[in-house]
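Visitor: With the sequence up front, the predicted model follows.
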Amino acid sequence: MSIENNKESIEGLTASEVSSVWAGYMKGSFEQRFFQYFLETTEDNEIKKIVQRMLNQSIVSIEEAKAIFINENIAIPLGFTDEDISVKAHKMFSDTFTLYFCDDIVLLSLSTFSSAISDCTRKDVRNYFQMSLEFSLNMQNDINDLMLSKGVYLRPPQIALDNVVDFVDENKYLSGFLGGLRPINVAEIANLSRIIHRAQFSKMIFVAFGKIAKSKELALHFSKGRDEIQKVLDSLQEVLEKENIPISASSDYEIFDIDLPPFSGRLMLFFVNMCLGIFCFNMISQAMTSSFRSDIVSKVTKIMNDMKHFYGEGIKLTIKEGWLERPPQSINRKI
C-alpha cells in the first residue's frame, strides 16, 4: 500500500503523527542493519527467507516514512548507517536464536504500530501504519508456523481449569501473602509466562552484547542488564513453581565467540533501550493492571521500578556517548 501524496487535500501532520512516523523510521533503520547481518550469517533456508522478508520490509518502511518527511519539509533522521554494522563478521547467533529475534521484532511491531495508528488521523500516515501492521500480522503467522514445524515454539502454560462461573465475594481474593492464598488465575499466568519468555530472550541479548562491546562502560551496562533480568526470572518463576505450573524454555539460545563485533555500540544500546526497554514496560504495565493477587502486584511493581532505573541509566549513557538522536521538537515560543 503506497503513501498518498495529494498535497491539496492533506493537512499538516499533528505532533502525534510526527512522533509516530519518526519512531517508525528509527525502528526500520536499526532493523535494516540487524537483518543485513543475519542475512549473511543465517544458514537455514526457511529462516533465511523470513530474514529476507523482514529486511525488505524495513527498507520499504524507511522509504515510506522518508516520503512523508520530504512532503512536510521535516528533516530526515540520520538513523543507522553502514558504519553501525559489519556484515562480514562471523556468525554469532544460532539460526534458531535469529528466528526468535525476528519474532521479537514482530511482536514489538504489533504493539507499537497498533498504538501509533490509533493516534493518527491523516490518511497517508494511517496507510503507512496499516501497511506495517498487515505485514507484521502475516509475519507472526508465518514465524509461528515455522517455529511449530521446527519444534522451537515456546508455548504458554496449559492448565486444568475449575470450569465454574463464579463471582468474587471476599477481599481475600486479593491476598497473596501468608494465609488465604488463592490459586493463580489465567490472566496472571499469561502475564507472568509472557514476561518470563521475554526475559529469557533479553538475558541472552545482554550476554551477547556484553561479549562484543568495545568499551568497558558499555560492557558493564550490559552485564548489569543481564543481572537485572536474572532477578526478574528468579522472582516470577518462583510464583509459577509454587503453583506447580511448568514454563517452557529454549535450549537453543546459542551464542558463538567471534573476534570482530558485528554491531556498533550505538546500535546495540539503541536496541536495548528501545526494543527491550519499551516492550518490557508494555508487558509489565499490562501485568500490573490485570493481576489481582497482592504478591504478584508487589513483585511486578518492584520489577518496574528496577527497570526504570536501569533503562534510565541506559539513556544517560547514550547521551554521554553522543549517540542519542534528538526527536523533532516544537519551536521555543517562550519570550
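Guide: Thanks, I have it.

Visitor: give me phi/psi at residue 77?
Guide: Backbone torsions for residue 77, taken as degrees, to the nearest 10, come to phi -60, psi 150.

Visitor: Thought residue 325 was touching it, still the case?
Guide: Yes - distance between residue 77 and residue 325: 6.0 Å, which falls inside the contact criterion (Cβ atoms under 8 Å). The C-beta positions use only the backbone N, C-alpha and C, and glycine is treated the same way.

Visitor: Give the residues shared as contacts by the two.
Guide: Contact with both residue 77 and residue 325 is made by residues residue 26, according to Cβ atoms under 8 Å, 6 or more residues apart in numbering.

Visitor: Looking at the two, which has the bigger crowd around it?
Guide: Between residue 77 and residue 325, counting by other Cβ atoms under 10 Å, residue 77 is the more crowded of the two (19 against 15).

Visitor: What are the neighbouring residues in contact with that one?
Guide: If a contact means Cβ under 8 Å, 6+ apart, then residue 77 has 22, 25, 26, 29, 325 as its contacts.

Visitor: check which helix or strand covers the second one.
Guide: Taking DSSP states H and E as the definition, residue 25 sits inside helix 15-41.

Visitor: and the helix or strand containing residue 64, what other elements does it pack with?
Guide: In this structure, residue 64 is located in helix 45-71 according to DSSP H and E. If contacts are counted by 3 or more Cβ pairs under 8 Å, 6 or more residues apart in numbering; DSSP states H and E, helix 45-71 sits against helix 15-41, helix 95-118, helix 123-150.

Visitor: Could I have the CA atoms of the second one written out in CSV?
Guide: When you say that, I think you mean helix 95-118. Included here for helix 95-118 are C-alpha records, laid out as CSV according to Å, rounded to 0.1, in the frame of the first residue of the first chain:
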residue,chain,number,x,y,z
ASP,A,95,19.7,-19.8,13.4
THR,A,96,17.0,-20.6,15.9
PHE,A,97,18.0,-17.6,18.0
THR,A,98,17.8,-15.5,14.8
LEU,A,99,14.3,-16.7,14.4
TYR,A,100,13.5,-15.7,18.0
PHE,A,101,14.9,-12.3,17.2
CYS,A,102,12.6,-12.0,14.2
ASP,A,103,9.7,-13.0,16.3
ASP,A,104,10.6,-10.4,18.9
ILE,A,105,10.7,-7.6,16.3
VAL,A,106,7.3,-8.7,15.0
LEU,A,107,5.8,-8.6,18.5
LEU,A,108,7.3,-5.2,19.1
SER,A,109,5.8,-4.0,15.7
LEU,A,110,2.3,-5.2,16.6
SER,A,111,2.5,-3.4,19.9
THR,A,112,3.9,-0.1,18.6
PHE,A,113,2.1,0.2,15.3
SER,A,114,-1.3,-0.6,16.7
SER,A,115,-0.7,2.2,19.2
ALA,A,116,0.5,4.6,16.5
ILE,A,117,-2.4,4.1,14.1
SER,A,118,-4.9,4.9,16.9
